[in-house]
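Trainee: output the structure for:
(chains A and B)
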Amino acid sequence: MRSIASRVGWGVATLFGASVLAFLLMRVLPGDPARLAAGELASEEAVRARAADMGLDQPLPLQYLHFIRDFVTGDWGYAYSIGTPAREAILGRLPATVELAILAFVIGVSVGVSLALLAAYTRRRWVDVVIRGLSSLGMATPQFYMALILLLVLSQGLGLFPGPEGRLTPGLAEPPHRTGMFTVDALLAGQWTTASDAFAHLILPAVVLAMVPAAFLLRLLRSNLLETSREQYMLVLRAKGTPRARSYVRHAFPNAALPTITASGLLLAELLAGSILAEKVFGWPGVGSLVADSVLSKDFAIVQSFVFLSALIYVVVNTLIDVVYGLVDPRIRSASR
Amino acid sequence: MIEHIPASPGPRVADNDVLLRVRGTRTEFGAGDQVVPAVNDVSFDLRRLERLGIVGESGSGKSALARTLMRLIEHPGRVVGGTIELDGRRLDQLDESEWRGVRGKDIAMVFQDPMSGFNPLRPIGKQIVEAITLHQDVSRAVAKRQAVDLLGDVEIVDPARKFGAYPHEFSGGMRQRAMIAMALANDPRILIADEPTTALDVTTQATILRLMRRLSDERGAALILISHDLGVVAQMCDTVQVMYAGKTVERGPALEVLVNPRHRYTEALLQSVVRRDQMVSGGRLPAIPGTPPNLRALPPGCPFEARCHVGRGRTDCSTETPRSSGFATQHGSVTVKCHVPAEPELVALSQGPDELRVDLGGCA
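Mentor: Alright, predicted model coming up:
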């Protein structure tokens, strides 16, 4: 396994690759950002001035170095399409996405893991068949379709959840800003009504986002559990009188969970990058829709910063996964010492 | 350095002190016309402290028998008949939760492959502690002390430190020692060892066997040793039971059965063992011709008939299932299921089964 030094090196390489990609992509796409920023009717002169202002007249490597230097020092550029600094635009939207991603992740992992344990543990064939059917359904149903069905039935039909109106019921004041995650902020401020309202707004989009991760983890873990249950040590455990449930939860599960841990990390990183579809359907003001709009308007500052940021999230999450892996598996721990 | 096995179970094992009584046990795998009777009407007694060797080729049903004794048969296998009595208690009538109280407590088992016998993510010591706390109402600290003592008993150096070691930090031999320690954790009355040394190198084999023999005696456990290695069985066991096609075909004192085989299958098995005199002359090792019969469609008559150099083609051998016949010998009685048993050559005792022996080194 990898040592700490090579892990860091790998992380840096990933960040470098992602930043170069982000930087170049926006520059090779057709359309002149300086023209877009200056406006359709601006004179050539004005466009050139704008380009110089945005640093676009400089050679590419220099532009790249400036981009990195500015990003690290906190200057993420000016978002011309919305008229605010890019940093403010992204960080303003990020908490909404993070809050949603965390809940979706928790739902996805707990549903996937518990159904996988149940499917592998049960001796009743039909339970396994039903669970596997649910997993196929979860994988195959398009997110937007699922979102619409849930909204129609649970929100509009039964009135159990709020409709697609964003993070709070319109008219309700936002809780005082601390983390930017409304449920957390409201709880910290002791505003119970706001907290429960914010949480209720989270549930349906989180369920929609959790669907694919849950179905995927369920499949992965179920087949790993079945494989593990054929291991010799499971027979030894039976022979020493261990109850079946205990040998599944204490012994088979940790062994079978290693690939699931890796997959969960990737899924979490993906959720943190935001989902354009789910955000559009639920009117959720997250980073996904911000970035989608910025790509269309060729807003360098936002797209660049965001790609770089998600690469950073990806590297951090992966490093955490490596740490968790080492905690679970003693063979890796002793190999990386 | 060649040691001598006791002339007979003698004073160590009392003839009428039956610990485990097995009658008519039958275990099947598969369903419909694909049913395989892996254990087919097997009956025997195991006496207190006795060391019983069960030998046979792969597929003879010896492992299935061992697992039947602990009800470790997994779907699609099932135990379909027979009674098993441990000290007068009917084990075959127990439900699964009652069986859990027997496994690892009254009957414990050591398996063939020590490499994958421990959960790789948990320290070995903790897995032994688990075996203790499942059956004994003791504190963790007490269980830990017991586990460290057990590791010391199986001659693991520095047991207190090795308690926290993970399986991958142990060699194959050390893992098998730890397996034995775990099996003995609750002082079982019967220790079943299913090919315990097959996966180990020869020098390790001898130490492991010696250890098992010493510890099962010290802790008062009877031993059932499943093996295809007649040399090991000759060295370890008081009694030998030869299995073929799911049935016991010959049974008796090790000294008698391995020196004067009566069943033609036992005879053939013994001839296929490397003997010192043959190694000197460079002779070829005779193998038993043919393969074991298809258990799904057992032919009538003796299951060994098609491969038997005496019985092949004989009417009684190919049509009638041979019944048990008993022989009184100087070492005790032998039962054989054969229409044409071999006449013992009355070998003098001084020419005992030394040439069969794997040298386990001097040890009691």
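Trainee: quick check: longest helix in chain B by residues?
Mentor: Ranked by residue count under DSSP state H, the longest helix found in chain B is helix B:202-218.
Trainee: same for the following helix or strand past it, what does it pack against?
Mentor: The helix or strand immediately downstream of helix B:202-218 is strand B:222-227, counting by DSSP states H and E. Contacts defined by 3 or more C-beta pairs under 8 Å, 6 or more residues apart in numbering or on different chains; DSSP states H and E place strand B:222-227 against strand B:36-47, strand B:51-55, helix B:62-69, strand B:190-194, helix B:202-218, helix B:230-236. All C-beta spots, glycine's among them, are computed from the backbone N, C-alpha and C.
Trainee: repeat that for 6 Å
Mentor: On a contact count with 3 or more C-beta pairs under 6 Å, 6 or more residues apart in numbering or on different chains; DSSP states H and E, strand B:222-227 meets strand B:51-55, strand B:190-194.
Trainee: pLDDT-wise, which helix or strand of the chain ranks last?
Mentor: I went with chain A, as the question did not name one. helix A:33-38 (a mean of 73; mean pLDDT, DSSP states H and E).
Trainee: was after chain B, sorry
Mentor: Ranking every helix and strand in chain B by mean pLDDT, DSSP H and E puts helix B:276-281 at the bottom, with a mean of 53.
Trainee: using the three-state scheme, assign B:T335.
Mentor: Look at B:T335: counting by DSSP: H, G, I helix; E, B strand; the rest coil, its state is strand.
Trainee: that one pairs with what?
Mentor: Each beta-bridge partner of B:T335 is listed here: B:R251, B:G326, as defined by DSSP bridges.
Trainee: re the thing from before, would you mark the buried spots in the helix or strand following the least confident helix or strand of chain B?
Mentor: Per DSSP H and E, the first helix or strand lying C-terminal to helix B:276-281 is helix B:315-319. Neighbour-count burial for helix B:315-319 flags B:317-318 (criterion: 16 or more other C-beta atoms under 10 Å in any protein chain shown).
Trainee: pull the CA atoms of helix B:315-319 into CSV?
Mentor: Taking C-alpha atoms only, helix B:315-319 is exported to CSV below (Å, rounded to 0.1, in the frame of the first residue of the first chain):
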residue,chain,number,x,y,z
THR,B,315,-21.2,-62.7,-7.7
ASP,B,316,-21.5,-62.0,-3.9
CYS,B,317,-19.3,-58.9,-4.1
SER,B,318,-21.2,-57.4,-7.0
THR,B,319,-24.7,-58.2,-5.8
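Trainee: follow-up on the earlier one: can you list contacts of the least confident helix or strand of chain A?
Mentor: A:46-47, A:50-51, A:56, A:80, A:298, A:300 (C-beta atoms under 6 Å, 6 or more residues apart in numbering or on different chains).
Trainee: rebuild those residues as a markdown table, extending it with secondary structure and distance to A:V281.
Mentor: Shown next, in a markdown table, are these (DSSP: H, G, I helix; E, B strand; the rest coil; distance: C-beta to C-beta, whole Å):
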| residue | secondary structure | distance to A:V281 |
| --- | --- | --- |
| A:A46 | helix | 40 |
| A:V47 | helix | 38 |
| A:R50 | helix | 36 |
| A:A51 | helix | 38 |
| A:L56 | coil | 36 |
| A:Y80 | coil | 28 |
| A:K298 | coil | 25 |
| A:F300 | helix | 28 |
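Trainee: buried ones among those?
Mentor: In those, the ones that pass as buried (16+ other C-beta under 10 Å) are A:47, A:50-51, A:56, A:80, A:298, A:300.
Trainee: can you tell me which of those is nearest B:V242?
Mentor: Of all the buried ones among the contacts of helix A:33-38, the one with the least separation from B:V242 (C-beta to C-beta) is A:F300, at 83.7 Å.
Trainee: where's B:V129, which helix or strand?
Mentor: Residue-wise, B:V129 maps onto helix B:124-135 under DSSP H and E.
Trainee: B:P120 reaches B:F170, doesn't it?
Mentor: No. The pair B:P120 / B:F170 is not scored as a contact, 10.8 Å apart, by C-beta atoms under 6 Å.
Trainee: A:P61 - how many residues pack around it?
Mentor: 9 (other C-beta atoms under 10 Å in any protein chain shown).
Trainee: need the three-state assignment for it.
Mentor: Using three-state DSSP, the structure places A:P61 in helix.
Trainee: in terms of pLDDT, where does it sit?
Mentor: Per-residue confidence (pLDDT) for A:P61: 86.
Trainee: from the buried ones among the contacts of helix A:33-38, which is closest to chain B?
Mentor: Taking C-beta to the nearest C-beta as the measure, chain B lies nearest A:F300 of the buried ones among the contacts of helix A:33-38, at 48.0 Å.
Trainee: A:L15 versus the residue lying closest to the closest one once chain neighbours are set aside, what's the distance?
Mentor: Spatial nearest neighbour of A:F300, excluding adjacent residues (C-beta to C-beta, 6 or more residues apart in numbering or on different chains): A:M26 at 5.1 Å. Here the distance between A:M26 and A:L15 works out to 17 Å (C-beta to C-beta, to the nearest Å).
Trainee: neighbour count: those two, which is higher?
Mentor: Between A:M26 and A:L15, counted using other C-beta under 10 Å, A:M26 has the larger neighbour count: 20 against 16.
Trainee: quick one, phi/psi of that one?
Mentor: Main-chain dihedrals, A:M26, degrees, to the nearest 10: phi -70, psi -20.
Trainee: how close does it sit to A:L118?
Mentor: Remark: distance between A:M26 and A:L118 (C-beta to C-beta) = 47 Å.
Trainee: show me what residue 78 bridges to in the sheet.
Mentor: In the absence of a named chain, this looks at chain A. Beta bridges link A:Y78 to A:P85 when assigned by DSSP bridges.
Trainee: not quite, I wanted chain B
Mentor: B:E28.
Trainee: tally of neighbours for it?
Mentor: Neighbours around B:R78, by other C-beta under 10 Å: 14.
Trainee: cool, and A:D57?
Mentor: 12.
Trainee: cool, A:L65 as well?
Mentor: 12.
Trainee: which residues are contacting the helix or strand in which it is found?
Mentor: Here A:L65, judged by DSSP H and E, is contained in helix A:60-72. With contact meaning C-beta under 6 Å, 6+ apart, helix A:60-72 is reached by A:23, A:55.
Trainee: tell me the angle the longest helix of chain B makes with strand B:222-227.
Mentor: Angle of helix B:202-218 versus strand B:222-227, following axes from the mean of the first three to the mean of the last three C-alpha atoms, to 10 degrees, is 160 degrees.
Trainee: spell out which residues of the stretch 1-150 of chain B are next to chain A.
Mentor: Counting by C-beta under 6 Å from any C-beta of the partner chain, the positions of the stretch 1-150 of chain B adjacent to chain A are B:72, B:100, B:103-104, B:109, B:113, B:116-119, B:121, B:131, B:134.
Trainee: reformat the residues you listed as JSON lines; add pLDDT.
Mentor: Compiled in JSON lines, the residues of the stretch 1-150 of chain B next to chain A are given as follows (pLDDT from 0 to 100):
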{"residue": "B:L72", "pLDDT": "91"}
{"residue": "B:R100", "pLDDT": "94"}
{"residue": "B:R103", "pLDDT": "95"}
{"residue": "B:G104", "pLDDT": "94"}
{"residue": "B:M109", "pLDDT": "95"}
{"residue": "B:D113", "pLDDT": "82"}
{"residue": "B:S116", "pLDDT": "89"}
{"residue": "B:G117", "pLDDT": "92"}
{"residue": "B:F118", "pLDDT": "95"}
{"residue": "B:N119", "pLDDT": "94"}
{"residue": "B:L121", "pLDDT": "93"}
{"residue": "B:A131", "pLDDT": "95"}
{"residue": "B:L134", "pLDDT": "95"}
